[in-house]
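Colleague: kindly return the folded structure for what I paste below:
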Amino acid sequence: MRDGLDLRLVPSACAAWLAATAVVVMSPRVACVLAAVAGAACAGTVALTRRRGRFVSVDVEVVGPPGIQDRTGTVGRAGAVGRAGAVRQAGAVGQVVLVLAALSVVLGTGAAQLVARQAGGIATLAADRAVVRVTGTVDSDAVPIASSWPGAPARYRIAVSTRSVEASGAESTSAAPVVVLGGSGWSDVVYGSQVAASGRLAAAEPGSRAVAILVASGPPTVLAEPGPWIAWAAPVRSALVDIASTLPGDAGALLPGVAVGDTSSMPTDLADAMRGAGLTHLTAVSGAHFALVGAAVLACAGAVRLHRRLRVVVLVVTLTGFVVLVHPGASVLRAAAMGAVGVGGLVVGRPARAMPALSAAVVALLVADPWLAREIGFVLSVLATAGLVLLAKPLAARWSGAVGTPVAYALAVPVAAQCVCAPVIILLSPTVSTYAVPANLVADLAVAPATVVGLLAALVAPWWPAAAAVLAAVAGAACWWIGAVARTAVALPGARVAWLAGPLGAALLAVATAALLALVLRERPERSDASVAVGRSVRERARQSAMALLVRATRDAIPPNDRKTTERWAGYRAHVGRRTARARRARVRRRGASRRPGRRPSHRAGP
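Modeller: Numbers count the residues shown, from 1 in each chain. Sure thing, here's the model as predicted:
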C-alpha cells in the first residue's frame with residue numbers, strides 16, 4: 001500500500017475473474033474437482049504457516065542495541081530486521097491464501113449453478129431443436145432487434161428465467177435462463193411478470209448466460225403480474241417515457257436513458273452518434289448514477305440534520321429502490337455492490353477505500369453470478385472505475401500546474417476512463433473515437449441535472465403530471481445538450497479513426513496507451529533553488545520590460561492637449577523605473593553579502 005492506495009485485494013479479484021471466466025465453459029464435475037483442489041491448497045497453506053509461526057504480530061517495540069535482549073525477548077535492530085522480514089513473508093502468504101480462497105469459492109459456486117441450470121434438460125432439448133412450452137419470470141425489458149431487411153416485422157429479445165418446461169407431453173421443473181425471440185406481442189411484456197410461451201428451442205453459444213434460445217411462435221400468456229416490491233417500477237418508467245415523448249428532438253429520446261437507463265425510445269442515428277462520441281455510458285446506469293443519487297440523498301439528509309446511522313438507512317433504502325427502478329443489469333449490480341461495501345464501512349466507522357471496495361464488489365458479484373465475467377458491460381464498468389481510482393489523481397497532479405487543479409481533475413476523469421476502456425471497445429468496433437475525451441468533458445456539464453431532475457420527474461409523473469412536465473422540461477434541456485455534443489462530435493472531420501480489429505488490435509492499443517501514460521506520468525527532475533530563483537528573476541524582468549514597452553507604445557496615442565493623462569502616464573513610467581532600480585540595487589546587495597568571508601553563498605541572488 002503506497003500513497004493511500006490499497007491494492008491488497010486486487011490479486012484476489014483477478015483470480016476470481018479468471019475462475020469465473022473459465023467455470024462457465026466447464027462441466028460441473030471438472031469445476032467441483034478444481035474447487036476442491038483450490039480449497040485443499042488454501043487450508044493446507046493456512047495450517048502449514050500456523051504450524052511454523054509465520055503469521056506474526058506487527059506491533060513490535062524494538063529497544064536496545066543489536067544483540068541485546070530485553071525481558072520480552074525482543075532483540076535490538078538486528079532482531080527488528082528479522083521480524084520485519086517475517087511480517088513481509090506473512091503478508092505474501094496471506095495473499096496466496098486469499099487468492100486460493102477466491103478460486104475455490106468461485107469455482108464451487110459456479111459448479112453448483114451449472115448443476116442447477118442442467119435441471120429440466122433444456123440443454124438437451126435445445127440440441128434436438130425441440131418444440132416446447134416454458135413458463136418463467138421475465139428478467140429484462142423487451143429490446144428491439146435491428147433487421148437488415150426493410151419492412152421486416154418487428155422482433156424483440158427478452159430474457160426469461162424458466163420454472164418449468166414441457167416437451168412431448170412431459171413436464172419437468174427447470175431453473176435455466178433462456179432468451180426469447182418474439183414478435184410484436186412481446187413488446188409490452190413487463191419486467192418481473194410470470195409468463196408462458198411456446199416455440200422451438202435452439203442451442204446457445206457455449207459460455208453464454210442463456211442455456212438456450214426460444215423462438216416464440218406467438219405472444220406470451222401472462223400468468224401473474226410482478227410482485228409488489230417491483231410492481232411500482234413499471235408505471236414510473238412508463239410515465240417518464242410518456243412525458244419524455246412530448247419533448248422535441250433528442251431531449252425526449254435521451255431523457256429516459258439518462259435518468260433510468262431506458263433506451264427503448266432512442267433512434268438508431270442518435271445511438272450511433274452517442275457511440276461514436278464515446279457517450280454511450282451516459283445512458284447505461286452505472287456508478288455515476290449511484291454517486292449522483294447518493295450525493296443528493298445525503299445532502300437532503302444533512303439539511304434536516306439526521307443522525308449518521310439514520311442517513312445510512314435512508315441511503316440504503318433509496319439506493320435499493322433505485323436498483324429496482326432501473327432493473328439490475330451488470331453495471332447496476334457492480335455499482336450497487338460497491339455502494340454496499342462503502343455503506344458497510346460507514347456503519348462500522350471505517351470509511352472504505354476505493355480499490356478494496358471495488359475488489360470486494362467484483363469478488364462478491366462473481367461468486368453470485370460467474371457469467372458477469374464475460375459480459376462487456378460489466379468489464380467496461382469495472383475497468384472505468386479502476387481507471388478513475390488509479391489514474392485520475394496522478395494525471396490531475398501532473399496537469400494541475402499548467403491548467404489549475406479543478407480543470408486538471410475535469411480533464412483527468414474522462415482521460416483515465418478512456419485509456420482503460422478503449423482497448424476493450426476496439427473488440428466491439430475497430431475504430432477509435434478521436435473526440436471522446438473533449439466530448440465527455442463538455443457533456444458532463446449536463447449529466448448531473450439530467451440525471452437527478454429526470455429521476456425526480458419519473459417519481460412524480462404517475463401522481464402529479466403537471467410538476468413532472470416542468471421537471472422533464474428542465475432535464476430535457478440538459479439531455480438536448482448531451483445529444484448536441486454527440487452529434488457535433490461525430491460530425492467533425494476525423495471523428496473516427498480505423499484501427500486493427502480483434503485481440504491483436506486491442507493489444508496494440510493497450511500497449512500504445514500504456515506507453516503514452518508512462519510518458520505523461522514519468523518523474524521529472526526537481527529544479528534547484530538557484531534555478532528557481534533565476535527563473536523568477538527572468539520572469540520579473542520580462543514583466544517589467546513588457547510594461548515599459550506598453551507605456552512607450554501608447555505614449556504617442558495620447559492627445560497633446562490632455563496634460564492630466566500625460567502626467568499620469570509619466571508618473572506610472574517613473575514608478576516602473578523606480579521599481580526596476582530598486583530590484584537592481586537589491587540584487588547587487590545580495591551579491592556583495594554572499595561574497596563576505598564566513599557567510600554562505602546565497603543561491604537566491606539571481607544572475
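Colleague: and the strands in the stretch 201-350 of the chain, which stretches?
Modeller: Using DSSP state E, counting those that start in this stretch, the strands of the stretch 201-350 of the chain run over 212-216, 221-224.
Colleague: shouldn't F290 be in contact with A335?
Modeller: Yes: judged on C-beta atoms under 8 Å, F290 makes contact with A335 at a distance of 4.6 Å. Any C-beta I mention is one placed from the backbone N, CA and C, and that applies to glycine too.
Colleague: can you tell me the SS state at R129?
Modeller: coil (DSSP: H, G, I helix; E, B strand; the rest coil).
Colleague: identify the residues contacting it.
Modeller: Residues in contact with R129 (C-beta atoms under 8 Å, 6 or more residues apart in numbering) are R200, L201, A202.
Colleague: pop out the phi and psi values for it.
Modeller: Taking degrees, to the nearest 10, you get phi 50, psi 50 for the backbone angles of R129.
Colleague: thinking G494 is in contact with T434, fair?
Modeller: Yes: assessed by C-beta under 8 Å, G494 is found in contact with T434 at 5.5 Å.
Colleague: ok, these two, which is more surrounded?
Modeller: The residue with more neighbours, out of G494 and T434, is T434; 19 against 7, by other C-beta atoms under 10 Å.
Colleague: show the pLDDT at Y156.
Modeller: Among the per-residue scores, Y156 shows a pLDDT of 89.
Colleague: next, count neighbours for it.
Modeller: Y156 has 21 neighbouring residues, counting by other C-beta under 10 Å.
Colleague: in what helix or strand does it lie?
Modeller: Using DSSP states H and E, Y156 maps to strand 155-167.
Colleague: how far away is G302 from V452?
Modeller: 16 Å (C-beta to C-beta, to the nearest Å).
Colleague: OK, contacts around G110?
Modeller: Per C-beta under 8 Å, 6+ apart, neighbours of G110: A19, A20, V23, V24, M26, A31, A35, P370.
Colleague: whoops, G199 was the one
Modeller: V131, V132, V180, L214, V215, A216, S217, G218 are the contacts of G199 under C-beta under 8 Å, 6+ apart.
Colleague: from the contacts of G110, which is closest to S104?
Modeller: Closest approach to S104 among the contacts of G110 (C-beta to C-beta): A35, at 5.2 Å.
Colleague: neighbouring contacts of the helix or strand encompassing that closest one?
Modeller: Counting by DSSP H and E, the element that carries A35 is helix 28-52. If you take C-beta under 8 Å, 6+ apart as the criterion, helix 28-52 is touched by 23, 26, 55, 90, 93, 96-97, 100-101, 103-105, 107-108, 110-111, 114-115, 118.
Colleague: restricted to helices, list those residues.
Modeller: Per DSSP state H, helices hold the following members of the contacts of helix 28-52: 23, 90, 93, 96-97, 100-101, 103-105, 107-108, 110-111, 114-115, 118.
Colleague: those residues, buried ones only, as a PyMOL selection?
Modeller: Selection of buried members from those for PyMOL, criterion 16 or more other C-beta atoms under 10 Å:
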select buried, resi 23+90+93+97+100+101+103+104+105+107+108+110+111+114+118
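Colleague: buried sites along the helix holding A35?
Modeller: Buried, per 16+ other C-beta under 10 Å, within helix 28-52: P28, A31, C32, L34, A35, A38, G39, A41, C42, T45, V46, T49.
Colleague: would a markdown table of these with pLDDT be doable?
Modeller: Formatted as a markdown table, the buried residues of helix 28-52 follow (pLDDT from 0 to 100):
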| residue | pLDDT |
| --- | --- |
| P28 | 90 |
| A31 | 93 |
| C32 | 94 |
| L34 | 94 |
| A35 | 94 |
| A38 | 93 |
| G39 | 92 |
| A41 | 93 |
| C42 | 91 |
| T45 | 88 |
| V46 | 87 |
| T49 | 81 |
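Colleague: and of the residues you listed, the nearest to L517?
Modeller: Set against L517, the nearest of the buried residues of helix 28-52 by C-beta to C-beta is A38 (34.2 Å).
Colleague: assign the residue nearest to the spatial centre of the chain to helix, strand or coil.
Modeller: The centre of the chain sits closest to T385, judged by C-alpha atoms, centre = their mean, with a distance of 3.0 Å. With three-state DSSP as the basis, T385 sits in helix.
Colleague: just list the residues touching it, thanks.
Modeller: For T385, the contact set (C-beta under 8 Å, 6+ apart) comprises G287, R334, M338, A354, L358.
Colleague: gap between it and A13?
Modeller: Distance from T385 to A13, by C-beta to C-beta: 12 Å.
Colleague: which neighbours do those two share?
Modeller: With C-beta under 8 Å, 6+ apart, T385 and A13 have common neighbours L358.
Colleague: quick one: mean pLDDT over the helix or strand harbouring V407.
Modeller: Using DSSP H and E, V407 falls within helix 405-428. Average pLDDT, helix 405-428: 85.
Colleague: the residue nearest to K393 when sequence neighbours are not counted: neighbouring residues, count only.
Modeller: Counting by C-beta to C-beta, 6 or more residues apart in numbering, K393 lies nearest to A412, which is 7.5 Å off, once chain neighbours are set aside. Other residues lying near A412 total 21 when counted by other C-beta under 10 Å.
Colleague: correct me, but A412 touches A392?
Modeller: Yes: with contact defined as C-beta under 8 Å, A412 and A392 form a contacting pair (4.5 Å).
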